[in-house]
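Colleague: any chance you could fold what I've pasted below:
(2 chains)
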Amino acid sequence: GAVVSQHPSRVICKSGTSVKIECRSLDFQATTMFWYRQFPKQSLMLMATSNEGSKATYEQGVEKDKFLINHASLTLSTLTVTSAHPEDSSFYICSARAPRSGELFFGEGSRLTVL
Amino acid sequence: GEDVEQSLFLSVREGDSSVINCTYTDSSSTYLYWYKQEPGAGLQLLTYIFSNMDMKQDQRLTVLLNKKDKHLSLRIADTQTGDSAIYFCAESYSSASKIIFGSGTRLSIRP
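Modeller: Numbers count the residues shown, from 1 in each chain, chains lettered A, B, ... in the order given. From the prediction side, this is the model:
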């Protein structure tokens, strides 16, 4: 079946540094990918919709300059957390939409810890 | 606005049925989903239902939809220890639009 891969699965960084998380669709080309952030009390918040070849669409309240999204190819979207702070520590999950079925496949998630 | 609500916790005895409930506010939602998240992992689509249906059954899973009350439920028959996970209810307007998730219900199984 279709697989979406995220890398890294865990990352620890110092406050003030930038961290890049990759999301790859391995079995299909995805024109649309989504980035979610999962808070400690389980809720999953949509951060942005990543569109191949165009700018990402950010949800209200999500800082575009803080969370940079690039969808340069049909199989890869990246989320860069710039100048990370401890409050950015979270579980980030991406998903990619299969073109024919429209089904959404999720990555395994990336746990970011900012010290 | 879009809002999906679930209770946070559910504990059931192994072998019993689990019923996880969800309410949503967007009446234009066309697709309603149930996702499962095991510890430290991403989300796995369990099942989905179209808004013009009121029930869908898939092996041990039964989804019931009350569109009038905007209430969705997931019943897991003969609950097993492997069913321990967080279950997310979600909705979207179309198969191509963004999906809005509930807060998730943590299902724990007791012997």
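
Colleague: contacting residues for B:Ile49?
Modeller: Under the criterion of C-beta atoms under 8 Å, 6 or more residues apart in numbering or on different chains, the contact list for B:Ile49 reads B:31-32, B:55-56, B:63, B:65, B:72. C-betas here are computed from N, CA, C, even on glycine.

Colleague: how about the residues of chain A by chain B?
Modeller: Residues of chain A lying near chain B by C-beta under 8 Å from any C-beta of the partner chain: A:4, A:6, A:32, A:34, A:36, A:41-46, A:49, A:93, A:95, A:97, A:102-109, A:111.

Colleague: only whichever of these are buried, select them in ChimeraX.
Modeller: Buried subset of those, written as a ChimeraX selection, criterion 16 or more other C-beta atoms under 10 Å in any protein chain shown:
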select /A:4,6,32,34,36,42,43,44,46,49,93,95,97,103,104,105,106,107,108,109
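
Colleague: mind checking which of the residues of chain A next to chain B land in helices?
Modeller: Per DSSP state H, helices hold no members of the residues of chain A next to chain B.

Colleague: which non-adjacent residue is nearest B:Asp3?
Modeller: Excluding the flanking residues, the one nearest B:Asp3 by C-beta to C-beta, 6 or more residues apart in numbering or on different chains is B:Thr25, at 4.4 Å.

Colleague: meant to ask about A:Lys66, not that
Modeller: A:Thr82 (5.9 Å).

Colleague: the one you found - how many residues pack around it?
Modeller: 15 (other C-beta atoms under 10 Å in any protein chain shown).

Colleague: pretty sure it contacts A:Lys64?
Modeller: No: A:Thr82 is beyond contact range of A:Lys64, at 10.3 Å (criterion: C-beta atoms under 8 Å).

Colleague: what sits against B:Ala77?
Modeller: B:17, B:60-62.

Colleague: turn those residues into JSON lines, columns for pLDDT and secondary structure.
Modeller: Listed next are the contacts of B:Ala77 as JSON lines, based on pLDDT from 0 to 100; DSSP: H, G, I helix; E, B strand; the rest coil:
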{"residue": "B:Ser17", "pLDDT": "97", "secondary structure": "coil"}
{"residue": "B:Arg60", "pLDDT": "96", "secondary structure": "coil"}
{"residue": "B:Leu61", "pLDDT": "96", "secondary structure": "strand"}
{"residue": "B:Thr62", "pLDDT": "97", "secondary structure": "strand"}
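
Colleague: circling back: out of the contacts of B:Ile49, flag the one nearest to A:Tyr58.
Modeller: Lowest distance from A:Tyr58 to those (C-beta to C-beta) belongs to B:Tyr31, with 22.6 Å.

Colleague: so what's the residue count around that closest one?
Modeller: B:Tyr31: 17 neighbours (other C-beta under 10 Å).

Colleague: and if you look at the one 4 residues further on?
Modeller: As a burial measure, the neighbour count of B:Tyr35 was computed by other C-beta under 10 Å and equals 24.

Colleague: related to what we said a few turns ago, so which of the contacts of B:Ala77 is the most crowded?
Modeller: B:Thr62 (17 neighbours).

Colleague: quick check: it touching B:Lys56?
Modeller: Yes: if you go by C-beta under 8 Å, B:Thr62 and B:Lys56 touch, sitting 7.4 Å apart.

Colleague: tell me if stretch B:30-47 is near chain A.
Modeller: Yes: applying C-beta under 8 Å from any C-beta, one finds stretch B:30-47 touching chain A at B:35, B:40-45.
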